[in-house]
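Novice: Curious how this folds, go ahead:
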Amino acid sequence: MSNRIITERRTSATSEDGIIFTGCGVSNEAHAHAAGGRRRQVLVAGKRVKTIDVHAHCVIGEALALLGMKVEDQRGPGIGEVGSRRIAEMDEQGIDMEALSINPTWYKAERDVAAEVIRIQNDKLAEYCATYPDRFVAFASVALQFPDLAVEQLVHGVKKLGLRGAAVGASVAGSEFSDPKFHPFWAKAEELGVLIFIHPQSTPQLEPRFKGNGWLSNTIGNPLDTTIALSHLIFEGTLDRFPGLKVCSAHGGGYLPSYAPRSDQSLRVAPEMDTGVKLKKKPTEYLRDMYFDTLVFTDEALRHLAAEVGSDRLVIGTDHPIPWQSHSVDHILNAPGFSDDERRAMLGETAAKLLGIKL
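Specialist: As a prediction, the model looks like this:
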């Protein structure tokens, strides 16, 4: 697509050119916070803890327009307000800082369109974080369908704009992350030492089976998409090739941590499926090299996730402002069996190290 067409599309974009937060409405209590109420102070053993949410969404109207999409079509019962309203909701939940990310809707876009979408998004994210530096950091968007471009966008976002890593889907237009064409991107992320946040986009190949009640494309499709992505990264040797790569997965890593030991038995049971990729350790051991958000829904689920991956690999994930979990802080504070040190790590210390945030 020509630059002329991009310019014309930008001219016709909606007036909602800033950051938009799709999601639920805000309570009267949150409005009181915005009007001068106090931020909820989170304490562990009587000491203040800085809480950091790595899983929080926004969209940018100008970029959506280039893709032929509308803000009002994005998931959520309403459109949140920028600034005070968002911060009020964070104050109410006890979230000190959020790492903002934009779910990738551009993986099928042509190169020049994708480049312009990413430029707009990363510039706007950096601008917003600079406006509220004590409340927000952000993950860069990258056009992974063009790995060379994605590398450039990651470097620019991190080194020039101050973004803290990149947010990606769980596959790219049908290609798995373990495909060698993505190796340059993983290599650059490893070199920069930044976090890659994986957020799934359902499992597109199963779309016909997700029809019907229950919003299965998300309820089942999202965690399944992550499970497949992580399994390929493990079994195809990508994590061996890039041992310093920092990856964090949304929704507790999907289904993989819940049934991980089956992976250790797979090639023993079906040796004919061995493609010759020799792993350096058992599949389950790679889980302790990655990071996962705490967006699981029961004390037992959180306990089991920590048992499988290590509590030092867990960080808050709220999915804000989509109302999957508005009590993520209390979930960590109240779940039995964790030490004070473990709670502090999950609430913010681990995320701070990963994102370069001073405590």
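Novice: May I have stretch 352-359 as CSV, with CA atoms only?
Specialist: Extracted C-alpha coordinates of stretch 352-359, given in CSV (Å, rounded to 0.1, in the frame of the first residue of the first chain):
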residue,chain,number,x,y,z
ALA,A,352,9.9,-4.4,38.9
LYS,A,353,13.0,-6.4,38.1
LEU,A,354,11.6,-7.5,34.7
LEU,A,355,10.4,-4.1,33.7
GLY,A,356,13.2,-1.9,35.1
ILE,A,357,10.9,-0.2,37.7
LYS,A,358,12.4,1.3,40.8
LEU,A,359,10.8,0.2,44.1
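Novice: let's number from 487 now, not from 1
Specialist: Okay, using 487 as the starting number, the last item reads as stretch 838-845.
Novice: what does it contact?
Specialist: Residues outside stretch 838-845 that contact it (C-beta atoms under 8 Å, 6 or more residues apart in numbering) are 536, 538, 540, 583, 585, 623, 650-651, 681, 732, 734, 777, 801, 834-835, 837. Just so you know, the C-beta spots here come from the backbone N, C-alpha and C atoms, and that holds for glycine as well.
Novice: if you set the cut-off to 6 Å instead, what comes out?
Specialist: Stretch 838-845 is contacted from outside by 536, 538, 585, 623, 650, 681, using C-beta atoms under 6 Å, 6 or more residues apart in numbering.
Novice: Could you do stretch 681-691 as well?
Specialist: The contact list for stretch 681-691 (C-beta under 6 Å, 6+ apart) reads 587, 589, 625, 651-656, 675, 703, 707-708, 710-712, 732-736, 840.
Novice: contacting residues around the longest helix seen in the chain?
Specialist: When the chain is scanned for its longest helix (criterion: DSSP state H), the result is helix 597-617. Here helix 597-617 makes contact (C-beta under 6 Å, 6+ apart) with 487, 492, 505, 546, 548-549, 552, 588, 592, 622-624, 626-627, 629, 632, 639, 643, 647.
Novice: Please spell out which residues along it are buried.
Specialist: Neighbour-count burial for helix 597-617 flags 599-604, 606-608, 610-612, 614-615 (criterion: 16 or more other C-beta atoms under 10 Å).
Novice: Of the contacts of stretch 838-845, which is the most crowded?
Specialist: In terms of neighbour count, residue 585 stands highest of those at 28 neighbours, by other C-beta atoms under 10 Å.
Novice: what about that residue, which helix or strand?
Specialist: Element membership for residue 585, per DSSP states H and E: strand 583-587.
Novice: what mean pLDDT does the strand or helix carrying residue 750 have?
Specialist: Using DSSP H and E, residue 750 falls within helix 747-755. Average pLDDT, helix 747-755: 94.
Novice: Residues in contact with that helix: which ones?
Specialist: Outside helix 747-755, the residues that touch it by C-beta under 6 Å, 6+ apart are 760, 768-770.
Novice: Take those and write them to JSON lines, including distance to residue 664 and secondary structure.
Specialist: Converted to JSON lines, the contacts of helix 747-755 look like this (distance: C-beta to C-beta, whole Å; DSSP: H, G, I helix; E, B strand; the rest coil):
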{"residue": "760", "distance to residue 664": "16", "secondary structure": "coil"}
{"residue": "768", "distance to residue 664": "18", "secondary structure": "coil"}
{"residue": "769", "distance to residue 664": "13", "secondary structure": "helix"}
{"residue": "770", "distance to residue 664": "18", "secondary structure": "helix"}
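Novice: Can you tell me which of those are buried?
Specialist: If we count by 16+ other C-beta under 10 Å, the contacts of helix 747-755 have these buried: 769-770.
Novice: Let me know the closest of the contacts of helix 747-755 to residue 720.
Specialist: Among these, residue 769 lies closest to residue 720 (C-beta to C-beta), at 5.1 Å.
Novice: quick revisit: can you add pLDDT and distance to residue 694 and give the buried residues of helix 597-617 back as TSV?
Specialist: Shown next, in TSV, are the buried residues of helix 597-617 (pLDDT from 0 to 100; distance: C-beta to C-beta, whole Å):
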residue	pLDDT	distance to residue 694
599	98	28
600	98	27
601	98	33
602	98	33
603	98	29
604	98	31
606	97	34
607	97	31
608	98	35
610	96	36
611	97	35
612	97	40
614	95	38
615	96	40
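Novice: Which helix or strand lies directly C-terminal to the longest helix of the chain?
Specialist: Sequence-wise, the next helix or strand downstream of helix 597-617 (DSSP H and E) is strand 622-624.
Novice: for the record, mean pLDDT for that following strand?
Specialist: 98.
Novice: what does it contact?
Specialist: Outside strand 622-624, the residues that touch it by C-beta under 6 Å, 6+ apart are 584-586, 611, 615, 649-650, 841.
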